[in-house]
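[1] Model the following, please.
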Amino acid sequence: MSAADLFVKINALPTELQKEVGEFVDKLLKKLQKPSKKRERPLGMFKGKIHVADDFDAPLDDFKDLA
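    Numbers count the residues shown, from 1 in each chain. Down below sits the predicted model:
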């Protein structure tokens, strides 16, 4: 359907319906402009798969000579 065909059909509608068509077109345009929302990862997805050593915050032996 060409733009001219749409124009003729929309102009044949009563004013109230023309407003509804305009609002619908605005919603479609806004939908095109929205960036796609990435799926969020569920909380706790990696629970039990990552281990932090008990001495994680302890000073490293490699840097004892510099102190």
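
[2] quick one, phi psi at F46?
    In terms of degrees, to the nearest 10, the main-chain angles of F46 are phi -110, psi 20.

[3] Pull up the gap between it and D26, please.
    If you measure F46 against D26 using C-beta to C-beta, to the nearest Å, the figure is 42 Å. No exception for glycine: its C-beta is placed from N, CA and C like everyone else's.

[4] cool, and V8?
    Remark: distance between V8 and D26 (C-beta to C-beta) = 21 Å.

[5] cool, Q33 as well?
    Look at Q33 and D26: by C-beta to C-beta, they are 11 Å apart.

[6] do the same with L43
    According to C-beta to C-beta, L43 and D26 sit 36 Å apart.

[7] Have a look at the two and say which one is more surrounded.
    For the pair L43 and D26, the greater number of neighbours falls to D26 (10 against 7), based on other C-beta atoms under 10 Å.

[8] Now name the helix or strand holding that one.
    In this assignment (DSSP states H and E), D26 forms part of helix 15-33.

[9] pLDDT at E20, what is it?
    Reading off the per-residue confidence, E20 sits at a pLDDT of 97.

[10] quick one, what contacts it?
    Taking C-beta atoms under 8 Å, 6 or more residues apart in numbering, we find E20 in contact with no residue.

[11] Look up how far S2 lies from it.
    If you go by C-beta to C-beta, the gap between E20 and S2 works out to 22 Å.
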